[in-house]
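Undergrad: Below is the structure, and that's it, no one-letter string:
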């Protein structure tokens, strides 16, 4: 265990843990958008920044990626921290003016939209946190989507924005998306996501459409389980 | 000293000194990228043909890397007298050979003329541009054809490596570099030996050594010129570094848009391998190390260490949080030393001449020399190498020859696009890592862009932010979105749409972006804005409050008119105006239709009577 001082409170945390967990464990709230328990951390959104002090030097770090250290003094609400968070929220609000998630978060943080920034019309609700890309690569293991272009032109999508041949329609990306940018519609035996239509499998017991056939085929190939076995929905299993 | 000097390595090294460089009489012609563009290769061919014609087989022609004084290219130096000829054309060649080479006579029209005393100067070292320089690293360019390893041997090349392998332990090498106080030339100014020590101690195998040649600042080309002109100095430095930290594999990261650098590095690596200086059992010892070139696609952000690693690994060049340092987890998550090419090129010098000698150059905290690329509104455009601690004034006025066309100096931008603009009042500061940081700029990799009274500082900030907006990798919010919004606001101010309070918004954004960004690109991106606000606030106010661009640059805020007293009605401007905005009777004062005028400036350049005014 290591001992730290967080916002004036003594906090101990297991070695190897990240600051974010120990701060939250101490009952202090820290806003985040790109940290999800299912995937690796990327440090892209910068909302979880805190100010740390070691000796005479202070520094702003992202708590989601900074490992706990003995004797560390952490300030989660210093002026510098709040200025970074306010800037990030203002920038995201003007990028995704339609996002109700961001609006609520901003309200909770007491941040108003910055009128000097013209609101974007073409970015949807995507904040480029890349949670979807990471889940597709790390959890699903197909890497059907990725990031392309650079800087302010950066986008998430399938290669060349064409229908992906490797996508299995599992919807994990839509599930982890913090702002609900990724559209997934399921009607009857069809599911649409990333511009492609997937045929859904009906449960051999209850008849409910529960998963895309491509996803079950992928699982069958990966695990060796037969398609018959997999054609039963989780509730009937 | 090692008690058991490796005699085999020593013997091989002694043999290397038997190789010949150029003959006693030789012509060094600059064949760096800049001079090539102004036709130096044709001059080189003509020199060779003429020597043959005049039967002067005892004279060599050396196509060298950049000689530094790029303003005067194509240029050449005739050895052993070291006569310096500028703007040489193919037509000048027969005379150069018959007079200077054959009879030792100078051709005065090809000599440099001192701009003030009007005296012609004969030798390189007499020129004010070179006089105050200390070209310990870059000066070697003039003595070698980068494609010939023999030339590098002839100037003591690879002797430092021999010394290290025969006489020094890795710890002794690190301690010598530490004593020399060598700091990273890529911008950060981190102590090289501290990095090396960290990697030597780090657990993890293999360990990597990388040279960062991803120079991306607009106007900067010193790293390119070093890789083009003296690739072996970089390679030798890397081999010594690899021996010190215990690495077997090195990479040189160089952008593909530097084709000549890639070619010369490739030739050099191949030659070093053939000589047993790279590869298995270097110089017969049990130390093995090899280098591979990785070509980058030219993203500015790939100069940042973790983005560079990602790029070498074949992934998109995006940085990651560096809470675990590269000395522990760098390339492929293994201990890695990453140094700039110029840093590596300093290493053989330190070993050959010793840390004590190195310590005699530079300031208390910054030892040795630094190569700068001096560009912009300056008379002597080129690459200079000066001792750390040289003042900006000496660089701009003594070496740079001051500002062209009698204009007044306004600012110098150091440290590349994310550096800051330094005003005239601070020209006396000595240039070193710490001082530049203190005044709100940075050393960066050594770009220096000089601006005169015709440069608008708001427009300069706008230009750099536009560049950084394009070059942001887009991973983290403050940099991707914040730099874009700053750029938008600057765009507005230059277009006359600035609002009261914009400067304060920019300042607040700048601080938060610097604090909140993931890597150094975002961390320093606000610098051009913050430093111009700090030193040239009145220009921002003039744009925003008075809708006026004092330097006459921002098109939306200026108008052209013709001074009727000066205009002779010659009609030259009428011909160059692309939008037919200028009218008037012959020999009578003309006038400009402000609605048609696009303020392109063509008329100003064409007018011999200085009759066109910008307000």
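TA: Alright, I've got the coordinates. On a predicted model such as this, the values are computed, not experimentally measured, just so you know.
Undergrad: show me the contacts for residue 54.
TA: As the question left the chain open, I've gone with chain A. Applying CB atoms under 8 Å, 6 or more residues apart in numbering or on different chains to residue A:54 gives the contacts A:69, A:71-73. Glycine gets a C-beta too; all of them are placed from N, C-alpha and C.
Undergrad: other chain: chain B
TA: Residue B:54 touches B:97-98, B:102, counting by CB under 8 Å, 6+ apart.
Undergrad: Quickly name whichever of the residues you listed is closest to residue A:113.
TA: Nearest to residue A:113 among the contacts of residue B:54: residue B:97, at 73.3 Å, using CB to CB.
Undergrad: so the closest residue to that closest one other than its chain neighbours is in which element?
TA: Excluding the flanking residues, the one nearest residue B:97 by CB to CB, 6 or more residues apart in numbering or on different chains is residue B:50, at 4.5 Å. Using DSSP states H and E, residue B:50 maps to helix B:40-53.
Undergrad: What is that helix packed up against?
TA: Under the contact definition 3 or more CB pairs under 8 Å, 6 or more residues apart in numbering or on different chains; DSSP states H and E, helix B:40-53 sits against strand B:25-30, strand B:59-64, helix B:93-95.
Undergrad: Pairing partners for whatever helix or strand comes next after the second one, with directions?
TA: The one in question is strand B:59-64. Counting by DSSP H and E, the next helix or strand C-terminal to strand B:59-64 is strand B:76-79. According to DSSP bridges, strand B:76-79 forms sheet pairs with strand B:25-30 (antiparallel), strand B:83-85 (antiparallel).
Undergrad: Residues of chain A that sit close to chain B?
TA: A:42-46, A:49, A:60-62, A:65-67, A:80, A:83-84, A:86-88, A:91-92, A:94-95, A:114, A:116-118, A:127-128, A:130, A:147, A:149-154 (CB under 8 Å from any CB of the partner chain).
Undergrad: Pull out the buried residues from those.
TA: Among those, those classed as buried by 16 or more other CB atoms under 10 Å in any protein chain shown are A:42-46, A:49, A:60-62, A:65-67, A:80, A:83-84, A:86-88, A:91-92, A:94-95, A:114, A:116-117, A:127-128, A:130, A:147, A:150-152, A:154.
Undergrad: Contacts for the helix or strand hosting residue B:393, please.
TA: In the assignment (DSSP H and E), residue B:393 maps to helix B:392-393. Residues from elsewhere that reach helix B:392-393, judged by CB under 8 Å, 6+ apart: B:412, B:422, B:426-429, B:431.
Undergrad: Farthest pair within these?
TA: For the contacts of helix B:392-393, the maximum inter-member distance is 12.5 Å, found between B:412 and B:428 (CB to CB).
Undergrad: For the two, work out which one has more neighbours and name it.
TA: In terms of neighbours (other CB atoms under 10 Å in any protein chain shown), residue B:412 is the more surrounded of residue B:412 and residue B:428; the figures are 26 against 10.
Undergrad: how about the strands paired with strand B:76-79 in a markdown table, adding mean pLDDT?
TA: Putting the strands paired with strand B:76-79 into a markdown table (pLDDT from 0 to 100) gives the following:
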| stretch | mean pLDDT |
| --- | --- |
| strand B:25-30 | 94 |
| strand B:83-85 | 95 |
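Undergrad: With mean neighbour count and distance to residue B:247 as new columns, can those strands be given to me in a markdown table?
TA: Output for those, formatted as a markdown table (neighbours: other CB atoms under 10 Å in any protein chain shown; distance: least, CB to CB, whole Å):
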| stretch | mean neighbour count | distance to residue B:247 |
| --- | --- | --- |
| strand B:25-30 | 24 | 34 |
| strand B:83-85 | 24 | 41 |
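Undergrad: what does the model give the nearest residue to residue A:120 once chain neighbours are set aside for pLDDT?
TA: Distances taken as CB to CB, 6+ apart put residue A:95 closest to residue A:120, at 5.2 Å, once the chain neighbours are dropped. Turning to residue A:95, the model gives it a pLDDT of 96.
Undergrad: now residue B:442
TA: Residue B:442 is assigned 84 on the pLDDT scale.
Undergrad: hey, where'd the strands end up in the stretch 101-250 of chain B?
TA: Counting by DSSP state E, counting those that start in this stretch, the stretch 101-250 of chain B has strands at residues B:112-113, B:120-121, B:208-213, B:249-255.
Undergrad: Out of those, which gets nearest to residue A:22?
TA: Smallest distance to residue A:22 across the strands of the stretch 101-250 of chain B (CB to CB): 33.1 Å, for strand B:208-213.
Undergrad: Which strands border that closest one, and is each parallel or antiparallel?
TA: The strands beside strand B:208-213 in its sheet (DSSP bridges) come out as strand B:249-255 (parallel), strand B:336-340 (parallel).
Undergrad: on that earlier part again, test my guess that the residue nearest to residue A:120 contacts residue A:127.
TA: Yes: in this structure residue A:95 lies within contact range of residue A:127 using CB atoms under 8 Å: 6.7 Å.
Undergrad: What ranges does chain A have for its strands?
TA: A:2-6, A:9-13, A:49-54, A:57-62, A:73-75, A:146-148, A:155-157, A:184-187, A:190-193, A:196-202, A:209-212 (DSSP state E).
Undergrad: Please produce TSV containing these, extended by mean pLDDT and distance to residue B:511.
TA: Putting these into TSV (pLDDT from 0 to 100; distance: least, CB to CB, whole Å) gives the following:
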stretch	mean pLDDT	distance to residue B:511
strand A:2-6	95	24
strand A:9-13	95	28
strand A:49-54	95	13
strand A:57-62	94	11
strand A:73-75	97	17
strand A:146-148	92	28
strand A:155-157	94	29
strand A:184-187	92	40
strand A:190-193	95	41
strand A:196-202	95	45
strand A:209-212	94	48
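Undergrad: where does the residue of chain B most remote from its centre land in three-state SS?
TA: Ranking residues of chain B by C-alpha distance from their mean position (CA atoms, centre = their mean) puts residue B:585 at the top, at 50.3 Å. For residue B:585, the assignment made with DSSP: H, G, I helix; E, B strand; the rest coil gives coil.
Undergrad: Secondary structure class of the residue lying closest to residue B:129 once chain neighbours are set aside, three-state.
TA: Counting by CB to CB, 6+ apart, residue B:380 is the residue found nearest to residue B:129 once chain neighbours are left out, at 4.9 Å. Secondary structure for residue B:380, judged by three-state DSSP, is coil.
Undergrad: Kindly report the same for the one 4 residues further on.
TA: Following three-state DSSP, we place residue B:384 in the strand state.
Undergrad: Which pLDDT value belongs to it?
TA: On pLDDT, residue B:384 comes in at 95.
Undergrad: Using CSV, please lay out the strands paired with strand B:76-79 together with distance to residue B:565.
TA: What follows is the strands paired with strand B:76-79, written out as CSV (distance: least, CB to CB, whole Å):
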stretch, distance to residue B:565
strand B:25-30, 47
strand B:83-85, 45
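Undergrad: Among the strands of chain A, which comes closest to residue B:130?
TA: Evaluated over the strands of chain A, closeness to residue B:130 peaks at strand A:57-62, with 42.4 Å, by CB to CB.
Undergrad: Would you mind checking which of the contacts of residue A:54 is nearest to chain B?
TA: If you rank the contacts of residue A:54 by distance to chain B using CB to the nearest CB, residue A:69 comes first, at 9.8 Å.
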